[in-house]
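> predicted model and sequence follow; I will ask about them next.
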2 protein chains.
Amino acid sequence: MNKYQIILIESIVICKIYCIFAANINNYAFMKNKRNRIQIISEILRSTVVGSQEELLKILNQRQYEVTQATLSRDLKLLKVAKTPLSNGAYKYILPSYNKPLPSSGSFNTLIAHGAVLSLEFSGQLAVIKTKPGYASAIAWDIDNKSTEYVLGTIAGDDTILVIPREGVTHEDILEMMNITFSEKE
Amino acid sequence: MNKYQIILIESIVICKIYCIFAANINNYAFMKNKRNRIQIISEILRSTVVGSQEELLKILNQRQYEVTQATLSRDLKLLKVAKTPLSNGAYKYILPSYNKPLPSSGSFNTLIAHGAVLSLEFSGQLAVIKTKPGYASAIAWDIDNKSTEYVLGTIAGDDTILVIPREGVTHEDILEMMNITFSEKE
DNA sequence: AGGAATATTGAATAAATATCAAATTATTTT
DNA sequence: AAAATAATTTGATATTTATTCAATATTCCT
């Protein structure tokens, strides 16, 4: 095998690696784009009084989600969000009383990849997750919905989540459950 | 008392009766024009799937109520009617009967019956109460203030309360405490 | 990988809804 | 009963929301 053959093979390999990488980025971009956005919307509506789609648009922009009102209209329809008048004369979007289970696979990983999850530590039976400011309740919602068989419940502040495991659940169970390996970068 | 005095009194009485009657008619006319219409609207919405104000307009026309969309918009706002998407892709106006506010105080069972408290489970010494979104801190406040001899403190998120009992307090104690705490008033 | 079938999205626009200002109607006061 | 006040309604319009259509982007199959 001569020098040029080797260089050729190297090029091909690098190309492949690049393609896989690109594909992953695309995949990631997709994950971010609908499922996760809907997740975030539902979290926003749970914690904030939003009176119009324009308003929601601005909040999403602040979180780096760039969409148009048309998309929001569709998202809200999907979520069956109702617009209801308030006593103060304004309006509010409300989620249907029963929260949809929503499979949301990959969402937790997405957040971790973002660096939204900073750390996870235990204190006795309890686990404490530190997040970037503002992310706690969004992530906690994920945990609540994805791991009810391990977790009794979560309590989220602004940048801290308290995770309360069920009796008999080990630290390892929790670690595994949350793909902790990803969160240990820095 | 002479003849003319009697006639005078009669006149006055008739006058009064007329006035009362007139007032009633006026009242009735008024009743028809807003209060009654709103009543009808609420009946219609209770029994029919209405997806837009135009649609509601037509139904009202059939019942001899002539109004404009502008008025309906205000009526619906007054009634706090929400517009919500249905699974079939259409929309429906719904009366707020389902979104009733939290009763300020009631028994624990009442709270559960109302759906504000969804569950109470233990993990080791700790108790975790799940509530409907938004209710947690209101309920936690009650617990904090009414049962300090059993409870060290509580931490409330949006829909979860962590109850930290004092040492030596049993699960049964907590359950009993909850019932006492929420059974004071009716 | 390549191509058909699906799904998502945004721009433009249609449709629906909320609100303003003026007019009308009812209510109260004098 | 007339004037003053308040409430209700409407036509016009501004604002908001839903949908259509075309352009990607994605998934599913082979």
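Looks like it arrived, so ask away.

> okay, now the unreliable bits of chain A?
Residues of chain A meeting the criterion pLDDT under 70: A:1-32, A:97-116, A:118-125, A:130-134, A:145-149, A:157-160, A:168, A:171-173, A:175-186.

> interface residues of it facing DNA strand C?
Near DNA strand C, the residues belonging to chain A are A:19, A:33-34, A:37, A:66-71, A:74, A:83, A:85, A:89, A:91 when assessed by Cβ under 7 Å from any atom of the strand. C-beta coordinates here come from the backbone N, C-alpha and C atoms, glycine included.

> so which residues of chain A form strands?
Counting by DSSP state E, one finds strands in chain A at the ranges A:82-85, A:91-94, A:117-123, A:126-131, A:151-156, A:160-165.

> give me the sheet partners of the second one and which way each runs.
Which is strand A:91-94. strand A:82-85 (antiparallel) (DSSP bridges).

> same question for the last one.
Its sheet considered, strand A:160-165 pairs with strand A:126-131 (antiparallel), strand A:151-156 (antiparallel) by DSSP bridges.

> and of these, who's closest to residue B:45?
Between residue B:45 and those, the tightest spacing by Cβ to Cβ is seen for strand A:151-156, at 36.4 Å.

> and the contacts of the closest one?
Among residues not part of strand A:151-156, those counted as contacts by Cβ atoms under 8 Å, 6 or more residues apart in numbering or on different chains are A:136-137, A:139-141, A:143-144, A:161-166, A:169, A:174, A:177, B:121, B:123, B:128, B:130, B:155-158, B:160-162.

> between it and strand B:117-123, how big is the angle?
Orientation note: strand A:151-156 sits at an angle of 110 degrees relative to strand B:117-123 (axes from the mean of the first three to the mean of the last three Cα atoms, to 10 degrees).

> and residue A:78, how many neighbours does it have?
With neighbours defined by other Cβ atoms under 10 Å in any protein chain shown, the count for residue A:78 comes to 13.

> for it, give its distance to DNA strand D.
11 Å (Cβ to the nearest atom of the strand, to the nearest Å).

> touching, that residue and residue A:39? I think so.
No - look at residue A:78 against residue A:39 with Cβ atoms under 8 Å: they stay out of range, at 11.7 Å.

> just to revisit the earlier point, buried among the contacts of strand A:151-156? Need that as a selection in ChimeraX.
To isolate the buried members of the contacts of strand A:151-156 in ChimeraX, using 16 or more other Cβ atoms under 10 Å in any protein chain shown:
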select /A:136,137,139,140,141,143,144,161,162,163,164,165,166,169,174,177 /B:123,128,130,156,157,158,160,161,162
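
> related to what we said a few turns ago, return a ChimeraX selection command for the buried portion of the residues of chain A next to DNA strand C.
Selecting just the buried residues from those in ChimeraX takes one command, with 16+ other Cβ under 10 Å as the test:
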select /A:37,67,71,83,85,91
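
> which members of the residues of chain A next to DNA strand C are the farthest-apart pair?
Among the residues of chain A next to DNA strand C, the pair separated by the greatest distance (Cβ to Cβ) is A:19 and A:89, which sit 55.6 Å apart.
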